[in-house]
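1. no FASTA, just this:
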């Protein structure tokens, strides 16, 4: 069973940076596409960024140019570098995985989620 362990969240001021990490259990290598989601208070969970095993990335329009997703396959870990943070970036950030980009966009991700890591951006 794949398990996700997110970390790195904190409370910061607008314009500051954070780097999130997600350690995946050893079975995570089967998930060829990795992704970060976030859930803002009172809103649905949304896809923020994704990366395939070749390093090809995709970003939500709201974070493009500010966030960078990366992965270390040897460590079964993905990262989310977040720059120029805005109050609207506030939320709980989760990592996930899927067998393909197509399945990711169809919502066919791994059935269990981690606890997530809280990011709060406020002055």
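-> That came through fine. For clarity, every value in this text was computed on a predicted model and none was experimentally measured.
2. can we go C-alpha only for contacts and neighbour counts from here?
-> Will do.
3. tell me the secondary structure at the residue most central in space within the chain.
-> Nearest to the geometric centre of the chain sits residue 36, at 1.9 Å (C-alpha atoms, centre = their mean). Three-state assignment for residue 36 (DSSP: H, G, I helix; E, B strand; the rest coil): strand.
4. show me where the chain has its helices.
-> 101-105 (DSSP state H).
5. low-confidence ranges in it?
-> 26-30 (pLDDT under 70).
6. now do the contacts for the residue of it most remote from its centre.
-> For the chain, the largest distance from the centre (C-alpha atoms, centre = their mean) belongs to residue 123, which lies 23.6 Å off. Contacts for residue 123 (C-alpha atoms under 8 Å, 6 or more residues apart in numbering) come out as 12, 13, 14.
7. do a quick rundown of the strands in this structure.
-> 4-7, 11-12, 18-24, 33-39, 46-51, 57-59, 67-72, 77-82, 91-98, 117-121 (DSSP state E).
8. any chance of these in TSV, with distance to residue 111 too?
-> What follows is the strands of the chain, written out as TSV (distance: least, C-alpha to C-alpha, whole Å):
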stretch	distance to residue 111
strand 4-7	11
strand 11-12	29
strand 18-24	14
strand 33-39	14
strand 46-51	15
strand 57-59	22
strand 67-72	21
strand 77-82	18
strand 91-98	9
strand 117-121	18
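9. who does residue 4 form a beta bridge with?
-> residue 24 (DSSP bridges).
10. and it, how many neighbours?
-> When neighbours are counted by other C-alpha atoms under 10 Å, residue 4 registers 21.
11. ok, now which ones touch it?
-> 22, 23, 24, 25, 95, 96, 113, 114.
12. make it 10 Å
-> 22-25, 28, 77, 94-97, 110, 112-116 (C-alpha atoms under 10 Å, 6 or more residues apart in numbering).
13. which one of the strands of the chain is the most hemmed in?
-> Comparing the strands of the chain by mean neighbour count (mean count of other C-alpha atoms under 10 Å), strand 91-98 comes out on top with a mean of 26.
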